[in-house]
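Peer 1: just need the structure, nothing else, for what follows:
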Amino acid sequence: MTSFKQVTALLCLPISFMASSHDMLPAAPQSQAVLFTNATVHTVTNGVLEQSDVLVANGEVIAVGQDLDQQEQVNSNSATGSELTQAAKADYLAELETAHIIDANGKHLYPGLIALDTTMGLVEVEMMRPSNDAYEVGFINPQLEAITAFNPDSEIIPTVRVNGITHAQVVPQGDGLAGQSALVSMDSWTIEDALVESDKQFHLYWPHVRWLSTDEDKRKEQLADLERRIDKVFNAFADGKRYLLAQQAGKVEKIDLRWQALAPLYEGKGQLFIHAQSQQQIEQAIALAKLYNFNIVIVGGYDAWRIASALAEVNAKVIYTQTLALPKRKDEPIDLAFKIPALLKQAQVPFALGFSSDWNSRNLPFAAGQSVAYGLTKDEALQSITLDAAKVLGIDNMGAIAPGYKANIILATGDILDPMQAGIESIYIDGRKIDLNNRHQQLYQKYLKR
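Peer 2: All right, here's what the predicted structure looks like:
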């Protein structure tokens, strides 16, 4: 017979597993200015600047230009982005005098990469249910917040950020209205430390049939069920709107957390991220957006380039997640998924690249590099995983190396989009130099000594 102690130990196994954490200490807040000199700076907002300097202080980029350590540059628009007041000049010079200087001659500076549509910190081992907090039961759960399940100590985080990813959008998965996502820093002690302030981000997984049956009766059942689920989506948003109107009129008799949570979406203070791939799904999503004047982002977006004008009508943006995928239809070219970023660019659809995964989202920069081989320029590909990714989330001070932007910076010896020569030497988040050690490197070093 199993003893009480044995039962207790078995019950504690999932808890002890989840309690494990990585060994890397989060960096302390930036206390000293840093001056990178003589670097090739990929600003994103102002092209690529050769032999240029970047001054970083208090977690922000202060100046970008040549010879920043020379006093005559203090008044230069090219260095600071605007004329400085006398007080600002004094602060600028004070930061320069105490700055830690890093000679980046022959090296590259890139903005930190932003991984969209991830389950970072929600999943530790995909095949172990106790370590997977990405899903919740139910079809309508707009009140659920993925950030509450985020684990800033996940072993996966250091293995992903070593490829230049400084921030990740943590997204709930599920059916229908799955909940709310959040943008997090990849170096933090707590959830509160990790969270980046942004507008509300609601996620709707548009109903679809994965595989239509060849049996006629079964096919009719599938299509009827699909119609019911789509109706359920529209009915949910109608209920949410009625609840908001009743609340505004002071006539709510029973509080419903689901519809309370949705209120910012109707008020234009949030975005609805609609996970949809096919043209039909996206057109249905656009119809929903028009009903309530929602701000929407299409996630997936395989067919988005085909209906650019319809997307433009509702000012929709796209997170394209299929850069390394196979074609979705038998009669499509084998490389169509690779070309779609360029097709979106040609169609003038605002988009960013995402990589829907947890640990595998570390391949985001290489997916962007793939898009360069199929039509995007290097600058456009880099922008799609930095500045454009920030814009999709409504954040205007991340994704570039320019005065006033957060000091999320990558120092590398080569092309960040090329897995064979990226050569990342150091990464800064909010001006803090983070530890690039991780579980993979520890195991590599361990077995070298075998």
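Peer 1: hang on, residue 133 packs against residue 122?
Peer 2: Yes: between residue 133 and residue 122 there is a contact under C-beta atoms under 8 Å: 4.8 Å. Glycine gets a C-beta too; all of them are placed from N, C-alpha and C.
Peer 1: higher neighbour count, those two?
Peer 2: Neighbour count, other C-beta atoms under 10 Å: between residue 133 and residue 122, residue 122 has more, with 23 against 20.
Peer 1: so who does the nearest residue to residue 132 once chain neighbours are set aside touch?
Peer 2: Spatial nearest neighbour of residue 132, chain neighbours left out: residue 123 (5.0 Å); criterion: C-beta to C-beta, 6 or more residues apart in numbering. By C-beta atoms under 8 Å, 6 or more residues apart in numbering, the contact set of residue 123 is 131-134, 156, 358.
Peer 1: let me have the residues you listed in JSON lines, extended by secondary structure.
Peer 2: Putting those into JSON lines (DSSP: H, G, I helix; E, B strand; the rest coil) gives the following:
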{"residue": "131", "secondary structure": "helix"}
{"residue": "132", "secondary structure": "strand"}
{"residue": "133", "secondary structure": "coil"}
{"residue": "134", "secondary structure": "coil"}
{"residue": "156", "secondary structure": "helix"}
{"residue": "358", "secondary structure": "coil"}
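Peer 1: in three-state terms, label the residue most central in space within the chain for me.
Peer 2: With distances taken as C-alpha atoms, centre = their mean, residue 116 lies nearest the centre of the chain, 2.7 Å away. Following three-state DSSP, residue 116 is assigned to strand.
Peer 1: tell me the pLDDT at it?
Peer 2: pLDDT for residue 116: 97.
Peer 1: burial check on the closest residue to it other than its chain neighbours, number of neighbours?
Peer 2: Distance criterion C-beta to C-beta, 6+ apart; nearest residue to residue 116, sequence neighbours excluded, is residue 354 at 3.6 Å. Neighbour count of residue 354, defined by other C-beta under 10 Å: 29.
Peer 1: shared neighbours of residue 133 and residue 122, which are they?
Peer 2: By C-beta under 8 Å, 6+ apart, residue 133 and residue 122 have these common neighbours: 149, 151.
Peer 1: that older thread, which one among the contacts of residue 123 gets closest to residue 292?
Peer 2: Distance ranking of the contacts of residue 123 against residue 292, using C-beta to C-beta, places residue 134 first at 27.2 Å.
Peer 1: could I get the contacting residues of residue 51?
Peer 2: Applying C-beta under 8 Å, 6+ apart, the residues near residue 51 are 38-40, 66, 105.
Peer 1: any idea how far residue 45 is from it?
Peer 2: Remark: distance between residue 51 and residue 45 (C-beta to C-beta, to the nearest Å) = 19 Å.
Peer 1: any stretches of the stretch 301-450 of the chain with poor pLDDT?
Peer 2: Of all residues in the stretch 301-450 of the chain, none has pLDDT under 70.
Peer 1: ramachandran angles for residue 282?
Peer 2: phi -70, psi -40 (degrees, to the nearest 10).
Peer 1: measure how buried it is and give me the count.
Peer 2: 26.
Peer 1: could you list the domains of this structure?
Peer 2: Domains of the chain are assigned by automatic domain parsing as 22-112+399-450, 113-396.
Peer 1: in the stretch 1-150 of the chain, which spans are helices?
Peer 2: Counting by DSSP state H, counting those that start in this stretch, the stretch 1-150 of the chain has helices at residues 4-19, 77-80, 86-98.
Peer 1: could you tell me the least trusted of those?
Peer 2: Of all the helices of the stretch 1-150 of the chain, the minimum mean pLDDT falls on helix 4-19 (a mean of 42).
Peer 1: part of a strand, is residue 183?
Peer 2: Yes: assigned with three-state DSSP, residue 183 falls within a strand.
Peer 1: who's in contact with it?
Peer 2: 114, 167-170, 195-196, 198, 393, 395.
Peer 1: swap the cut-off to 6 Å and go again
Peer 2: Residue 183 makes contact with 167, 169, 196, 198, 393 under the criterion C-beta atoms under 6 Å, 6 or more residues apart in numbering.
Peer 1: could you do residue 431 as well?
Peer 2: If you count contacts by C-beta under 6 Å, 6+ apart, residue 431 has them with 30, 56, 59, 407.
Peer 1: what's the answer for residue 175, then?
Peer 2: With contact set as C-beta under 6 Å, 6+ apart, residue 175 has these partners: 139, 205.
Peer 1: let's see 10 Å
Peer 2: Shown in contact with residue 175 (C-beta atoms under 10 Å, 6 or more residues apart in numbering): 135-141, 204-207, 229, 232.
Peer 1: can you give me the pLDDT of the closest residue to residue 104 other than its chain neighbours?
Peer 2: Setting aside the residues directly before and after it, residue 104 is nearest to residue 39 in space (C-beta to C-beta, 6+ apart), at 3.6 Å. Per-residue pLDDT puts residue 39 at 97.
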